[in-house]
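Trainee: With the input below, show me the fold.
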Amino acid sequence: MDENAVRSLLGRLADSGEPPSSVDVDKARRAGLRRLRLRRLGAPAASLGAIVLVAGLVASGAVPLGVGSNAGIASQATVRMTDAEVAVLTNSGRNPRALAQINNAVEVLVQRCMKSRGFKYEKYAKTAGQKYFLALEGSAKDRVSFTFPGGETGSVSGGGCAGVAKRRIYGSVLNYVLATNGSSDLTAYLLDAVTADPAFSAVVSRWSSCMAGRGFNYSTPENLWNTLAERIDRNRTPAMRNLEIRTSVADYRCAGSVALIPTVRALQAHHARYYSMALAGYLAKLTRIEARALKVAKALHLHLPSKR
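Mentor: Numbers count the residues shown, from 1 in each chain. Modelled structure (predicted):
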């Protein structure tokens, strides 16, 4: 793609009315990473390098562009992961249709259970009353305590129809928690390992030097994204839009000249394959949990009813 094509693409993005996209703030917070807010592309399209890294590094939501909680990462023992475990860790092996099938199975089981108890199931019914929520989530005594791989502790509702569905599909409430929330801690370790790698710092430094040579002083793509976004949010004018496009074109060219994206993807592939020995057991368990959940969901042949 040449520079004119890039300018044209960024111009169309800046004028688009696409809805905003966001990373998972809980994942970023648990990882000790500063959340990178993905604003509406029209305000701004911002850093193309950041966009590509966000979209392509790990499809799970946390963003490895800043300094994370990676102290001591390099000194930790690692072990080689299987292809299936790597696929789960990087989200690359997940089939959106399969995940939808699992989620649908949980929802249908909850819906049927609630109907059997005399309630019409509405997942986010804020005015349904105490009896409804007791039927759906159970009482305080039904809560299940957990500890995430990263050390975070807490508890989730494990009773009611929701608890029944979680156990049916995932085998246990704790398995459900690991699959839906705890997995982000495993991804966070991977992101920390990538950002702690000297090769990551080196390629980002080369990108920053290239940008400075073009008149744009940013230490990282994340810094570009957030700084430019803040300026544009404060002053949305045609001049700022043009600045955004000029900056993004420079970013695009610099990212290409220093091989930013291939380098980071190669680092991800390496650190996903040679993963923390301390966390390998959690990852193996998560891989088994997801495979089981899909198998159970398929066997149930459940589908959400039409909303006609």
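Trainee: Ramachandran angles for Gly158?
Mentor: Here is the backbone geometry of Gly158 (degrees, to the nearest 10): phi -130, psi 10.
Trainee: doesn't Gly138 make contact with it?
Mentor: Yes. Taking contacts as C-beta atoms under 8 Å, Gly158 lies within contact range of Gly138: 6.6 Å. Heads up, the C-betas are built off the backbone N, CA and C, glycines and all.
Trainee: Dump stretch 283-291 to CSV, restricted to CA.
Mentor: Below are the C-alpha coordinates for stretch 283-291, written out as CSV (Å, rounded to 0.1, in the frame of the first residue of the first chain):
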residue,chain,number,x,y,z
LEU,A,283,-3.2,-22.7,30.8
ALA,A,284,-3.5,-26.5,30.3
LYS,A,285,-6.6,-26.5,32.5
LEU,A,286,-8.1,-23.6,30.6
THR,A,287,-7.5,-25.4,27.3
ARG,A,288,-9.3,-28.5,28.7
ILE,A,289,-12.2,-26.4,30.1
GLU,A,290,-12.8,-24.7,26.8
ALA,A,291,-12.7,-27.9,24.9
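Trainee: same question for it, mean pLDDT?
Mentor: Stretch 283-291 comes out with an average pLDDT of 93.
Trainee: give me the low-pLDDT residue ranges for the stretch 201-308 of the chain?
Mentor: Across the stretch 201-308 of the chain, residues meeting the criterion (pLDDT under 70) sit at 303-308.
Trainee: where exactly do the strands run in it?
Mentor: With DSSP state E, counting those that start in this stretch as the criterion, the stretch 201-308 of the chain has strands at 274-276.
Trainee: residues touching the residue lying closest to Ala77 once chain neighbours are set aside, list them.
Mentor: Distances taken as C-beta to C-beta, 6 or more residues apart in numbering put Met277 closest to Ala77, at 4.3 Å, once the chain neighbours are dropped. Residues near Met277 by C-beta atoms under 8 Å, 6 or more residues apart in numbering: 76-79.
Trainee: what do you get if the cut-off is 10 Å, keeping everything else the same?
Mentor: Contact analysis of Met277 by C-beta atoms under 10 Å, 6 or more residues apart in numbering lists 76-80.
Trainee: Out of those, who's the most crowded?
Mentor: Among the contacts of Met277, Thr78 has the most neighbours (other C-beta atoms under 10 Å), with 17 neighbours.
Trainee: doesn't Leu283 make contact with it?
Mentor: No. Taking contacts as C-beta atoms under 10 Å, Thr78 lies outside contact range of Leu283: 11.8 Å.
Trainee: between those two, what contacts are shared?
Mentor: With C-beta under 10 Å, 6+ apart, Thr78 and Leu283 have common neighbours 275-276.
Trainee: Adding secondary structure, write the contacts of Met277 out as TSV.
Mentor: Shown next, in TSV, are these (DSSP: H, G, I helix; E, B strand; the rest coil):
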residue	secondary structure
Gln76	coil
Ala77	coil
Thr78	strand
Val79	strand
Arg80	strand
